[in-house]
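1. quick one: sequence and predicted model below, then my questions.
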Amino acid sequence: MRRLALALFLALWAACTLVGCGGAEKSEVPAEPAPVVEPEPIPQPEPEPYVPAGTNPLTGEPMEPEYESLRPVAVMLNNLKAAQPQLGISQADIIYEVTAEGGITRMVGIYQTLDGVELLGSIRSTRPYYIELALSHDALLVHAGGSQEAYANIRSWGVENMDGVRGTDDAEIFWRDADRRRNNGYEHSLVTSGEKIQTYINGHFSAKHQNGYQNPQTFTEDGTPAGGEVAEHVSLRFSGYKTAVFDYDAANGRYLVSQYETAHIDAANGEQVAAVNLLVLETNISVLDSEGRQRVRTTGEGSGTFFCGGRAVPIRWSREDRNQPFAYTLENGSPLVLGEGKSYVCIISPKVSTLSFQ
């Protein structure tokens, strides 16, 4: 009996030994998970830069369509040395520079839109030929006074204008800048802003062209004239008082403007005045009175020189009447195509002014 019990005990012990007898099973080390492989990102194309669908009729450059049919604003800008620096001149789409009494020059800045144009000035008086330049664009004129003849023309020609001297609402548009009044003098301190002009226009004038006005000028991306002479440095002596210098900057395709032996800087934004197209138009200029007031012929036709891309070619200009835009042609009669960008137009008498370039 004891032998039987011993045998059973040994059998059970052997079974427990083989299966571990309910003891802890040998632990297994878990396998490391396979690394997660991220999919390669699909390269996305760069978004196309936004380009407005409209075209600025004064520069040929893109602009918002709602501005295309606007009447430009023509601003009379003082250019005496004592009145420097000017404000807002670098943002004009076209600058006209013409002599006035005593060989000084004044400028008419033409702006297709004043959006983004802050300060403008100093504002100065107008003359008949400056008014005619404004009318060539069907523009609204901004000025501060004028000659007796200019005021007579404004009335008889029905020129829509904003006057900082005799205007009934001049306080809504113009003010005297305290710093300029202190540093430049009272007569050089009258300024305005794009916002004030636009607000006044919206309440008093038709902002869009009427009667089918059309600007015939065409533009191309590169307006460099074929076969032209080298003209990377242009000097224009308007008179003994004023010489303008235009240096071609090939890096940005524009002529950089200097006057009074220094860079022509716009104090409103710190930028140097520059233009893609430089046009020098020759005409008849005569002195009218003892004050030195002038008559400048802006209609009919005449010769001139066109500068673009560091080259120069002779051109012809023509204009039927004061309400028509200038038309420019090459000497062979084909229309002149300007480069896309701002233009600077100098109107001179070859009897008095001297043009040179190299």
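-> Thanks, I have the structure now. Fair warning: this is a prediction, and the values are worked out from it, not measured in the lab. Numbers count the residues shown, from 1 in each chain.

2. please make it C-alpha for all contacts and neighbour counts, starting now.
-> Fine.

3. where does the residue positioned nearest the centre of the chain fall, phi/psi-wise?
-> By Cα atoms, centre = their mean, the chain has its centre lying nearest to Q91, at 4.1 Å. For Q91, the backbone dihedrals (degrees, to the nearest 10) come out as phi -90, psi 0.

4. which residues of the stretch 1-150 of the chain fall in strands?
-> 54-55, 62-63, 73-78, 94-99, 105-111, 119-121, 140-143 (DSSP state E, counting those that start in this stretch).

5. hmm, V117 and the residue nearest to the centre of the chain touching each other?
-> Yes. Look at Q91 against V117 with Cα atoms under 8 Å: they come within range, at 7.0 Å.

6. which residues touch V108?
-> Neighbouring residues of V108 by Cα atoms under 8 Å, 6 or more residues apart in numbering: 74-77, 95-97, 130, 133-134.

7. now the buried members of the residues you listed.
-> Burial by neighbour count, 16 or more other Cα atoms under 10 Å: within the contacts of V108 this picks out 74-77, 95-97, 130, 133-134.

8. can I get these in CSV with pLDDT and distance to C346?
-> Output for these, formatted as CSV (pLDDT from 0 to 100; distance: Cα to Cα, whole Å):
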residue, pLDDT, distance to C346
A74, 98, 16
V75, 98, 16
M76, 98, 15
L77, 98, 14
I95, 98, 8
Y96, 98, 6
E97, 98, 5
Y130, 98, 12
L133, 98, 12
A134, 98, 15
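
9. list the buried residues in stretch 141-157.
-> 141-146, 150-151, 153-154.

10. check stretch 105-124 too.
-> 105-114, 117-124.

11. for stretch 266-279, same thing?
-> In stretch 266-279, counting by 16+ other Cα under 10 Å, buried: 266-268, 272-279.

12. for it, measure first residue to last.
-> Distance between the boundary residues of stretch 266-279 (Cα to Cα, to the nearest Å) amounts to 21 Å.

13. average pLDDT for that stretch?
-> The average pLDDT for stretch 266-279 rounds to 98.

14. would you agree V296 is in contact with T283?
-> Yes. If you go by Cα under 8 Å, V296 and T283 touch, sitting 7.3 Å apart.

15. closest to G60 among the buried ones among the contacts of V108?
-> I95 (15.5 Å; Cα to Cα).

16. over to the closest residue to A178 other than its chain neighbours: give its phi and psi.
-> Spatial nearest neighbour of A178, excluding adjacent residues (Cα to Cα, 6 or more residues apart in numbering): S189 at 7.5 Å. Backbone dihedrals for S189, given as degrees, to the nearest 10, come out at phi -110, psi 0.

17. neighbours around S189, how many?
-> 22 (other Cα atoms under 10 Å).

18. distance of it from I110?
-> S189 is 21 Å from I110, by Cα to Cα.

19. for A171, same thing?
-> Taking Cα to Cα, one finds A171 at 22 Å from I110.

20. check Q272 too.
-> Taking Cα to Cα as the measure, Q272 and I110 are separated by 17 Å.

21. before we move on, what about I347?
-> For I347, the distance to I110 - Cα to Cα - is 15 Å.

22. cool, E320 as well?
-> 20 Å.

23. I'd like to know which of the buried residues of stretch 266-279 is nearest to P52.
-> V276 (20.4 Å).

24. right, and the closest one touches L256 too?
-> No. Between V276 and L256 there is no contact under Cα under 8 Å: 9.1 Å.

25. partners of N78 in the sheet?
-> For N78, the beta-bridge partners are R106 (DSSP bridges).

26. how near is it to H137?
-> For N78, the distance to H137 - Cα to Cα - is 20 Å.

27. neighbour-wise, which of the two wins?
-> N78 (29 against 24).

28. kindly tell me how buried T199 is, as a neighbour count.
-> 12.

29. is it in a helix, a strand, or coil?
-> Judged by DSSP: H, G, I helix; E, B strand; the rest coil, the three-state class of T199 is helix.

30. tell me the contacts of it?
-> Counting by Cα under 8 Å, 6+ apart, T199 has no contacts.

31. pLDDT wise, what is it at?
-> 97.

32. shaky segments in the stretch 1-150 of the chain?
-> 1-31 (pLDDT under 70).

33. confidence score at the residue nearest to A178?
-> Here the pLDDT value assigned to S189 is 97.

34. OK, contacts around it?
-> Going by Cα under 8 Å, 6+ apart, the list of residues near S189 reads 121-123, 176-178, 180-181.

35. let's see it at 10 Å
-> 78, 83, 121-124, 175-183 (Cα atoms under 10 Å, 6 or more residues apart in numbering).

36. cool, K242 as well?
-> Here K242 is in contact with 79-81, 99, 103-105, 236, 259-261, 353 (Cα under 10 Å, 6+ apart).

37. which of these are buried, as a ChimeraX select command?
-> The buried residues among the contacts of K242 can be selected in ChimeraX (16+ other Cα under 10 Å) with this line:
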select :79,80,99,103,104,105,236,259,353
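
38. for the contacts of K242, give me JSON lines that also has distance to Q324.
-> Shown next, in JSON lines, are the contacts of K242 (distance: Cα to Cα, whole Å):
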{"residue": "N79", "distance to Q324": "26"}
{"residue": "L80", "distance to Q324": "29"}
{"residue": "K81", "distance to Q324": "32"}
{"residue": "T99", "distance to Q324": "22"}
{"residue": "G103", "distance to Q324": "27"}
{"residue": "I104", "distance to Q324": "27"}
{"residue": "T105", "distance to Q324": "24"}
{"residue": "L236", "distance to Q324": "27"}
{"residue": "Q259", "distance to Q324": "30"}
{"residue": "Y260", "distance to Q324": "33"}
{"residue": "E261", "distance to Q324": "35"}
{"residue": "S353", "distance to Q324": "26"}
